[in-house]
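K.L.:
based on what follows, work out the 3D shape:
(one chain, ligands or ions: 2)
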Amino acid sequence: MISVQEAEKLIRQNSPNYYSESIPTIEAHGRILAEDILAERENPPFNRVAMDGIAINYAQWQNSRTSFEIKGTQAAGHPPLSLEDPSTCLEAMTGAVLPSGCDCVIPVERISVTNNVATLEDGLELQQWQNVHIQGSDHSQGFKLARTGQVLNAPEIAVAAAAGYGQVKVAKLAKVAVIATGDELVSAGVDIKPWQIRRSNTTSIVASLKSAGYDAKEYHLKDDLDALRDKLRDLLESNDMLILTGGVSMGKFDFVPQVLKELSVEQIFHKVTQRPGKPLWFGTSSNKSVFGLPGNPVSALINFQRYILPQLNRSQNALCPPQLKAELAEDFTFKKNMTRFLPVCVESNGPKLLARPQRTNGSGDFGSLSGSHGFIELEAEISDFKKGHVAIFYPW
Ligand SMILES: Nc1nc2c(c(=O)[nH]1)N[C@H]1C(S)=C(S)[C@@H](COP(=O)(O)OP(=O)(O)OC[C@H]3O[C@@H](n4cnc5c(N)ncnc54)[C@H](O)[C@@H]3O)O[C@H]1N2
Ligand code: MOO
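P.N.:
Ligands and ions are numbered 1, 2, ... in the order given. Okay, the predicted model is just below:
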């Protein structure tokens, strides 16, 4: 049996890579960049008027001029006008090019206009270049606005569009088969016998994968060695990743490790000193990861979140998201020499996040996860965790 740290290291060392594709920028929200976004031009690309008002020659005001005849209007999206007579002014709109000969913009609220002459508010103080967004003051042409591995959230989409990228190169999303194993399982919506169990693991995992954009599909295989072998061979062929749940422990019908071995999936590890999820299985085949999650629903969901989602992120060369930490809101004891993943509800306490353990009745009690916010990871080496103990928090 290996530790959580060793398991994580081995999974990392066996990260697959699913390559990249170009897609329309407007459809790229949430995807991982597979190229750097470089500025098409310097920004602003010209001296940009930042307030609706009048544009003047500042030296005129320094020489005590406070009234300016309006000679024209500089609208946004139009070629620049020129202030021919420095004692006059031009109306100028936000987003327009600052007319040549002007170096000061006065907002419309600070002037009054009579007979086409703009007069400044009494006692108004001006600065040269006020209300002008200076050409190139944000960044130069070719500046790296976003880099490979960044998530394309709304700001990065804006940046890509602003840099003229109608299409962006993003990491390809894995095609994932999520496979429930077990004769006892029956899906929702179908009559159920007293000795059967509703299938829930694969449903929640597929839902989570789909919300992250992956092409994920749910399958159910019975505990039949030959059928399991044949179907898994097909699924391995047609998917980038397999996630199995159940059948990885010590039972007479726990065929998953044996079948994967027969299909030449190389076992990297089986069993981790953790609760829940001790029987976790991980292996690889070509550029594909294969995970065998324990069937108990709390184990399956926690181990999926803890190991598989990060592996999918790595397969896209995603930059690591910031690690969240939370403080235990009460003492907690766990005597076994194992890492403990503890479901919690979190609340904020000033700048801190407090994690309150959610009472569960073991790793089959998935009802207790409803309403929880995620889980914290408690070290194997400690048994008595005191209130205030800081732990890594994994949100659902
Ligand atoms: N002799 C031992 N027995 C067990 C050990 C052990 O070390 N020695 N480990 C226990 C632990 S810990 C876990 S966790 C489970 C994991 O077993 P399996 O991965 O083989 O899972 P199953 O036996 O197939 O199922 C366990 C439990 O979960 C239910 N299940 C399975 N799939 C689903 C699903 N898709 N949706 C909802 N529920 C599911 C299944 O009906 C069982 O009740 O083994 C212990 N035993
Ligand atoms: O590893 Mo099991 O999930 O503790 O019940």
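K.L.:
every contact and neighbour count from this point should use C-alpha atoms.
P.N.:
Fine.
K.L.:
residues from the chain in reach of ligand 2?
P.N.:
275-279, 296, 299, 363 (CA under 6 Å from any ligand atom).
K.L.:
burial count for Asp254?
P.N.:
Number of residues near Asp254 (other CA atoms under 10 Å) recorded here: 18.
K.L.:
tell me, how many neighbours does the residue in the stretch 101-250 of the chain that ligand 2 sits nearest to end up with?
P.N.:
Using CA to the nearest ligand atom, the single residue of the stretch 101-250 of the chain nearest to ligand 2 is Ser249, 9.0 Å away. When neighbours are defined as other CA under 10 Å, Ser249 has 21 of them.
K.L.:
likewise Cys102?
P.N.:
22.
K.L.:
ok, now how distant is it from Val49?
P.N.:
Counting by CA to CA, to the nearest Å, the gap from Cys102 to Val49 is 10 Å.
K.L.:
tell me who's in contact with Gly374.
P.N.:
343-345, 393-396 (CA atoms under 8 Å, 6 or more residues apart in numbering).
K.L.:
now these: which count as buried?
P.N.:
343-345, 393-395 (16 or more other CA atoms under 10 Å).
K.L.:
need the residues you listed in JSON lines (columns: secondary structure).
P.N.:
Shown next, in JSON lines, are the buried ones among the contacts of Gly374 (DSSP: H, G, I helix; E, B strand; the rest coil):
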{"residue": "Pro343", "secondary structure": "strand"}
{"residue": "Val344", "secondary structure": "strand"}
{"residue": "Cys345", "secondary structure": "strand"}
{"residue": "Phe393", "secondary structure": "strand"}
{"residue": "Tyr394", "secondary structure": "strand"}
{"residue": "Pro395", "secondary structure": "strand"}
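K.L.:
from ligand 2, how far out is Phe46?
P.N.:
Here Phe46 is placed at a distance of 61 Å from ligand 2 (CA to the nearest ligand atom, to the nearest Å).
K.L.:
make residue 1 into 55 and carry on from there
P.N.:
Sure, I'll start counting at 55 from here, so that last one is Phe100.
K.L.:
about what we covered before: pick the one among the buried ones among the contacts of Gly428 closest to Asn185.
P.N.:
Nearest to Asn185 among the buried ones among the contacts of Gly428 is Pro449, at 44.0 Å by CA to CA.
K.L.:
one step back: and which of the residues of the chain next to ligand 2 is nearest Lys440?
P.N.:
Arg329 (19.1 Å).
K.L.:
what segments of the stretch 55-204 of the chain are helices?
P.N.:
58-67, 112-116 (DSSP state H, counting those that start in this stretch).
K.L.:
to clarify, my last question referred to the stretch 255-404 of the chain.
P.N.:
For the stretch 255-404 of the chain, the helices defined by DSSP H, counting those that start in this stretch cover 255-265, 279-292, 310-316, 351-357, 363-369.
K.L.:
what about the second one, near ligand 1?
P.N.:
No - no part of helix 279-292 sits close enough to ligand 1 to count as contact by CA under 6 Å from any ligand atom; the gap is at least 13.4 Å.
K.L.:
now do the first one
P.N.:
Yes - Helix 255-265 reaches ligand 1 (CA under 6 Å from any ligand atom) through 255-256.
K.L.:
against which helices or strands is that helix packed?
P.N.:
On a contact count with 3 or more CA pairs under 8 Å, 6 or more residues apart in numbering; DSSP states H and E, helix 255-265 meets strand 229-235, strand 269-275, helix 351-357.
K.L.:
any chance of those in a markdown table with mean pLDDT as columns?
P.N.:
Formatted as a markdown table, those follow (pLDDT from 0 to 100):
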| stretch | mean pLDDT |
| --- | --- |
| strand 229-235 | 96 |
| strand 269-275 | 95 |
| helix 351-357 | 95 |
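K.L.:
could the ones you listed go into a markdown table alongside mean neighbour count?
P.N.:
Below are these laid out as a markdown table (neighbours: other CA atoms under 10 Å):
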| stretch | mean neighbour count |
| --- | --- |
| strand 229-235 | 24 |
| strand 269-275 | 18 |
| helix 351-357 | 25 |
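K.L.:
turn those into JSON lines, including distance to Glu94.
P.N.:
Converted to JSON lines, the helices and strands packed on helix 255-265 look like this (distance: least, CA to CA, whole Å):
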{"stretch": "strand 229-235", "distance to Glu94": "34"}
{"stretch": "strand 269-275", "distance to Glu94": "33"}
{"stretch": "helix 351-357", "distance to Glu94": "43"}
